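Asker: no letters, just coordinates:
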């Protein structure tokens, strides 16, 4: 069932795109489907861990295609939406130089970078139904249905072909629990795993839950791994711990998982920007773009927040979970966490 928009302009575009899509498919489809999806880059990590920042950094590369609002608004018109984006977006505004609340700005004109929730809701499916109707976010290769296996890569190839890009970068928080599922779709994918101090990540995640008035906001871990009769704080800490555990398990279960996992630490971009950007781009087979290399002030905010373990929460169960998670992830729980230079940018 196609999504119907109430916006007159978008409704008009959908009507026009329905016609142009058929024409463009007749002319370009065979060529577009020969476009290789070579080592797609998939950004993973729980919400508020820096995934949006990493996604924006990777999208600055001139060879990389990332989804924008064009794909989200027109998920059924890959040729038409991408052609409109290419025509209406001058070259100078196609790269994304920063994320919100830094010293720079996102540049993309009317086609801003997005994790494209509506796009994925349209194109990701499982053998038991649509992705958005699944009981939780954890999928394996057994959940991949044949329709998604065929149509999703074809759709992305069409968009990449029109935009004349060589590489693909994808990001959506739910992907963190879908590594085996995505590996079945893209067997040579590179996964960029964003780590952030669990204490900072925990506080940022709690603020989002409070902002939306939804204690269940964020990744939906399997019901069997949730805590029973626990506080929101403990459930949030468990959400982070289970996400990290399932990510590591998934990499152990896919071919060459360890070699295909690129780890990047959110705080390190503030403390060692040049080295951390190299650690991000090089394993992905990309050079660090000039803007990223020469202008760190566009990506890293000048002010940052620090927290102490004592100020995180008074919930003993939550703190026990976070202490263990800090140890597993290589953060020193006993010392003042480094904070981040862009705490609100993720």
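Answerer: Thanks, I have it. Here the structure is a predicted model, which means the values were calculated and not measured.

Asker: contacts only, for residue 238.
Answerer: By C-beta atoms under 8 Å, 6 or more residues apart in numbering, residue 238 lies in contact with 221, 225-227, 230, 321. For glycine as for every other residue, the C-beta is placed from the backbone atoms N, C-alpha and C.

Asker: which of those residues count as buried?
Answerer: Buried positions within the contacts of residue 238, assessed by neighbour count (16 or more other C-beta atoms under 10 Å), are 221, 230, 321.

Asker: among those residues, which ones are in strands?
Answerer: Among the buried ones among the contacts of residue 238, the subset assigned to strands under DSSP state E is empty.

Asker: among the residues you listed, which one sits closest to residue 134?
Answerer: Set against residue 134, the nearest of the buried ones among the contacts of residue 238 by C-beta to C-beta is residue 221 (12.3 Å).

Asker: what about the closest residue in space to that closest one that isn't next to it in sequence, how many residues nearby?
Answerer: Once flanking residues are discounted, residue 221 sits nearest to residue 242: 4.4 Å by C-beta to C-beta, 6 or more residues apart in numbering. For residue 242, the count of nearby residues is 22 (other C-beta atoms under 10 Å).

Asker: next one: the longest helix along the chain to chain centre, how far?
Answerer: For the chain, the helix with the greatest residue count under DSSP state H is helix 8-32. Centroid displacement of helix 8-32 relative to its chain, using C-alpha atoms, centre = their mean, to the nearest Å, is 27 Å.

Asker: where do the helices sit along the stretch 201-346 of the chain?
Answerer: 232-253, 268-271, 273-281, 290-294, 309-312, 316-329 (DSSP state H, counting those that start in this stretch).

Asker: for residue 147, find the nearest of those helices.
Answerer: Using C-beta to C-beta, the nearest of these to residue 147 is helix 232-253, at 23.0 Å.

Asker: and residue 114, what does it touch?
Answerer: With C-beta under 8 Å, 6+ apart, residue 114 has these contacts: 67-69, 71-72.

Asker: farthest pair in those residues?
Answerer: 67 and 69 (8.5 Å).

Asker: look at the two and report which has more neighbours.
Answerer: residue 67 (24 against 18).

Asker: what separation do you get for the more buried one and residue 160?
Answerer: As judged by C-beta to C-beta, to the nearest Å, residue 67 and residue 160 stand 11 Å apart.

Asker: who touches the residue nearest to residue 221 in this structure?
Answerer: By C-beta under 8 Å, 6+ apart, the contact set of residue 242 is 221-222, 225.

Asker: just residue 292 next, same as before
Answerer: 57, 60, 277, 281, 299.

Asker: the strands in this structure, which residues?
Answerer: Remark: strands assigned in the chain by DSSP E are 41-44, 64-66, 125-126, 129-130, 167-171, 190-195, 261-265.

Asker: would CSV of the ones you listed with mean pLDDT and distance to residue 330 be doable?
Answerer: Shown next, in CSV, are the strands of the chain (pLDDT from 0 to 100; distance: least, C-beta to C-beta, whole Å):
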stretch, mean pLDDT, distance to residue 330
strand 41-44, 98, 17
strand 64-66, 95, 28
strand 125-126, 94, 34
strand 129-130, 86, 37
strand 167-171, 96, 23
strand 190-195, 98, 8
strand 261-265, 97, 8
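
Asker: most tightly packed of these?
Answerer: Among those, strand 41-44 has the highest mean neighbour count (mean count of other C-beta atoms under 10 Å), at a mean of 28.

Asker: okay, now the sheet partners of it, with direction.
Answerer: Take DSSP bridges as the rule and strand 41-44 pairs in its sheet with strand 167-171 (parallel), strand 190-195 (parallel).

Asker: please compute how far it lies from its chain's middle.
Answerer: For strand 41-44, the separation from the chain centroid amounts to 6 Å (computed by C-alpha atoms, centre = their mean).

Asker: name the residues that touch it?
Answerer: Residues outside strand 41-44 that contact it (C-beta under 8 Å, 6+ apart) are 51, 54-55, 58, 64, 167-171, 175-176, 179, 182, 186, 189-194, 247, 284.

Asker: let's go with 6 Å and repeat that
Answerer: The set of residues external to strand 41-44 that reach it, using C-beta atoms under 6 Å, 6 or more residues apart in numbering, is 51, 54-55, 169-171, 175-176, 182, 189-193, 284.

Asker: do the same with stretch 118-126
Answerer: For stretch 118-126, the external contacting residues (C-beta under 6 Å, 6+ apart) are 71-72, 75, 131-132, 143, 145, 147-148, 152, 172.

Asker: who wins on neighbours among those?
Answerer: With neighbours defined as other C-beta under 10 Å, the most crowded of these is residue 71; it has 26 neighbours.

Asker: surely that residue meets residue 115?
Answerer: No: Residue 71 is not in contact with residue 115 according to C-beta atoms under 6 Å; the separation is 10.5 Å.

Asker: in the chain, which helix or strand is least confident?
Answerer: helix 309-312 (a mean of 64; mean pLDDT, DSSP states H and E).

Asker: inside helices: which ones of the contacts of residue 114?
Answerer: Within those, residues falling in helices by DSSP H are 69, 71-72.

Asker: picking up where we left off before, average pLDDT for the longest helix of the chain?
Answerer: Across helix 8-32, pLDDT averages out at 89.
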